[in-house]
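**Q** sharing a model that was predicted from the sequence below.
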Amino acid sequence: MKIVTVIGARPQIIKSAAISRAISTHFSDQIQELTVHTGQHYDDSMSEVFFRQMSIPKPAYNLGIGSGSHGAQTAAMMKGIEDILLKEKPEAVIVYGDTNSTLAAAVASVKLHIPVVHIEAGLRSFNKSMPE
């Protein structure tokens, strides 16, 4: 089974580390995981440092989206993720949390009829001023 994990922000990198380790330790003969980094958090202190310090393998893809308006950022992510999903043809996509990366990956996956696994779904801040 091939799965794609989509991350883009610091908390997602940290959370995905545990799931990715479990997959590689216990299910490597059954599951092939490819990681896509959207580049939502893109500087060393918000992204790269975690790959180094937590011994997380580098993503197979880095979209390098960077900053921008929420609409432009999310749209660019959706396009990049869609291209990767069409190429890789995963059986499922894992997303984390509530960021623009999460939204982009979930929408792209659903539109391609690929099941979405949402880790950390259902948490609510009830703060409308928090965009993510």
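**A** Noted; the coordinates are in hand.
**Q** only C-alpha atoms from now on, for both contacts and neighbour counts.
**A** Noted.
**Q** name the surrounding residues that touch stretch 51-69.
**A** 13, 17, 34-42, 50, 73, 76-77, 80 (C-alpha atoms under 8 Å, 6 or more residues apart in numbering).
**Q** and stretch 51-59, average pLDDT?
**A** The average pLDDT within stretch 51-59 is 79.
**Q** typed the wrong thing, it's stretch 31-48
**A** For stretch 31-48, the per-residue pLDDT averages 79.
**Q** cool, and stretch 102-122?
**A** Taken as a whole, stretch 102-122 carries a mean pLDDT of 94.
**Q** buried residues in that stretch?
**A** Residues of stretch 102-122 classed as buried: 102-109, 114-116, 119 (neighbour count, 16 or more other C-alpha atoms under 10 Å).
**Q** which of those residues fall in strands?
**A** 116, 119 (DSSP state E).
**Q** which members of the buried residues of stretch 102-122 are the farthest-apart pair?
**A** Spanning the widest gap among these are A108 and I119, at 16.8 Å by C-alpha to C-alpha.
**Q** any chance of a markdown table for the buried residues of stretch 102-122, columns distance to F126?
**A** As requested, the buried residues of stretch 102-122 are exported to a markdown table (distance: C-alpha to C-alpha, whole Å):
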| residue | distance to F126 |
| --- | --- |
| T102 | 18 |
| L103 | 18 |
| A104 | 21 |
| A105 | 23 |
| A106 | 21 |
| V107 | 22 |
| A108 | 26 |
| S109 | 26 |
| I114 | 29 |
| P115 | 27 |
| V116 | 24 |
| I119 | 19 |
